[in-house]
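[1] based on what follows, work out the 3D shape:
(one chain, ligands or ions: 1)
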Amino acid sequence: MTRDGRAASTARRSAPACRGRFAPSPTGPLHFGSLVAATGSFLQARSRGGEWIVRIEDLDPPRVVAGAADGILRTLEAFGLAWDGPVGFQSRNDAAYRDALARLESHGALYGCSCTRSEIADSSVRGIDGPVYPGTCRDARRNGPALRVRTAAEEIAFFDLIQGEVRCALAREIGDFVVRRADGLYAYQLAVAVDDAAQRVTEVVRGADLLFSTPRQIHLQRLLGLATPRYAHLPLAVDRHGEKLGKQTYAAAIGGHEPVAVLFEVLRFLGQRPPDELRESDLDSFWRWAIDHWQVQRVPPQAPPVGDPAAAARQR
Ligand code: GLU
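    Modelled structure (predicted):
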């Protein structure tokens with residue numbers, strides 16, 4: 001099934017234009033893992049003749065680092081990752097998120113929740129992405145401070161171009177989830193569902209750490225009557241200890257001094273087979289080759305640790 005779906009997706013090269021996006025949180029400099037996401041989303045869109053946009057996810061002021069958004073954009077430019085149109089900023093989309101909450105509310109899909117993190121941790125079973133909310137406030141008719149969306153018992157299924165068929169019974173595996181946080185900020189899940197639709201994104205290509213966010217976003221899309229894009233979740237760049245590469249790790253390596261050499265490693269990490277000479281090419285030739293030869297079906301669902309050449313060689 002995975003193979004059939006992949007073949008169908010790559011055969012769609014001549015399909016109407018698609019739009020991909022890269023949506024970094026400005027919490028630090030662009031690191032290897034985010035460069036992987038930028039490159040994968042860029043190539044998936046450009047290889048199909050599509051547009052590629054950048055959206056800065058600056059929804060969480062306490063986590064935003066001053067100057068990080070500019071730094072990320074400058075690094076993308078230095079790597080030749082040219083985006084279309086103006087850069088979007090989630091911090092400017094308040095009205096759209098408020099409107100989406102009002103629509104969810106009018107469907108009776110929301111309820112206020114006053115549980116603390118530790119109360120939830122104490123009373124919950126562990127699900128696929130943290131504790132499953134046990135529904136303590138579901139029928140309590142509270143006003144908040146957080147707002148949760150009701151989930152249903154039915155499975156949400158989607159076909160991921162890299163990870164294959166994914167199924168998730170939201171109510172059992174995740175539980176009713178937060179769409180407006182107790183501190184009044186809109187939650188990531190809500191903002192992304194609203195923005196991807198508003199920006200007419202058709203291809204969401206991002207790290208596999210967000211794989212189980214996707215059923216939540218699809219749930220919101222359905223409640224809000226929004227289109228569901230295609231999804232591809234890239235292998236996560238982890239270090240030798242299996243830890244996701246942080247903003248600091250590898251940051252020095254992508255300072256933009258030798259962009260082609262770094263991008264060459266990114267392509268290999270993504271299972272592509274660039275010829276050795278490409279490492280010495282200029283940026284334009286590099287991207288021409290990468291766009292012409294991108295094959296999403298070569299991307300491995302999981303990749304060996306970054307900085308472990310022996311494991312990388314075994315993978316190839
Ligand atoms: N802003 C998220 C991050 O930097 C990515 C969100 C997404 O691609 O949906 O991890």
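
[2] I'd say Ala303 and Phe269 touch.
    Yes. Counting by Cβ atoms under 8 Å, Ala303 touches Phe269, with 5.6 Å between them. Backbone N, C-alpha and C define where each C-beta goes, glycine included.

[3] middle-most residue in the protein, spatially?
    Arg206 (3.6 Å; Cα atoms, centre = their mean).

[4] wait, a strand at that one?
    Yes. Assessed by DSSP: H, G, I helix; E, B strand; the rest coil, Arg206 belongs to a strand.

[5] for it, which non-adjacent residue is closest in space?
    Spatial nearest neighbour of Arg206, excluding adjacent residues (Cβ to Cβ, 6 or more residues apart in numbering): Ala37 at 5.3 Å.

[6] any idea how many residues pack against the one you found?
    Burial measure for Ala37: 22 neighbouring residues, criterion other Cβ atoms under 10 Å.

[7] and whichever residue of the stretch 201-316 of the chain sits closest to the ligand, how far is that from Glu258?
    For the stretch 201-316 of the chain, the residue closest to the ligand is Arg206, as judged by Cβ to the nearest ligand atom, at 3.6 Å. From Arg206 across to Glu258, the span is 25 Å (Cβ to Cβ, to the nearest Å).

[8] ok, now Glu173?
    Taken as Cβ to Cβ, the span from Glu173 to Glu258 is 43 Å.

[9] the more surrounded of the two?
    Neighbour count, other Cβ under 10 Å: between Glu173 and Glu258, Glu173 has more, with 19 against 12.

[10] so what's that one up against?
    Glu173 makes contact with Gly127, Ile128, Asp129, Val132, Phe212 under the criterion Cβ atoms under 8 Å, 6 or more residues apart in numbering.

[11] what is the second one paired to in the beta sheet?
    Using DSSP bridges, the bridge partners assigned to Ile128 are Gly130.

[12] I figured it hits Cys168, correct?
    Yes. Contact criterion Cβ under 8 Å: Ile128 and Cys168 qualify, at 7.0 Å.

[13] Arg138 sits in which helix or strand?
    For Arg138, there is no enclosing helix or strand under DSSP states H and E.

[14] what about stretch 181-201, near the ligand?
    Yes. Contact of stretch 181-201 with the ligand is found when judged by Cβ under 6 Å from any ligand atom, involving Val192.

[15] CA atoms of that stretch as PDB?
    Written as PDB, here are the backbone C-alpha positions of stretch 181-201 (Å, rounded to 0.1, in the frame of the first residue of the first chain):
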ATOM      1  CA  ARG A 181      -3.900  27.700  26.400                       C
ATOM      2  CA  ALA A 182      -4.500  28.700  30.000                       C
ATOM      3  CA  ASP A 183      -2.200  31.800  29.500                       C
ATOM      4  CA  GLY A 184      -4.600  32.900  26.700                       C
ATOM      5  CA  LEU A 185      -2.200  32.000  23.800                       C
ATOM      6  CA  TYR A 186      -3.600  30.100  20.900                       C
ATOM      7  CA  ALA A 187      -2.300  26.600  20.700                       C
ATOM      8  CA  TYR A 188       0.000  25.400  17.900                       C
ATOM      9  CA  GLN A 189      -2.500  22.800  16.700                       C
ATOM     10  CA  LEU A 190      -5.200  25.500  16.100                       C
ATOM     11  CA  ALA A 191      -2.900  28.000  14.500                       C
ATOM     12  CA  VAL A 192      -1.300  25.600  12.100                       C
ATOM     13  CA  ALA A 193      -4.700  24.100  11.000                       C
ATOM     14  CA  VAL A 194      -6.000  27.700  10.300                       C
ATOM     15  CA  ASP A 195      -2.800  29.000   8.700                       C
ATOM     16  CA  ASP A 196      -2.200  26.000   6.400                       C
ATOM     17  CA  ALA A 197      -5.800  26.400   5.000                       C
ATOM     18  CA  ALA A 198      -5.600  30.200   4.800                       C
ATOM     19  CA  GLN A 199      -2.400  30.100   2.900                       C
ATOM     20  CA  ARG A 200      -3.700  27.300   0.600                       C
ATOM     21  CA  VAL A 201      -0.900  24.900   1.500                       C
END
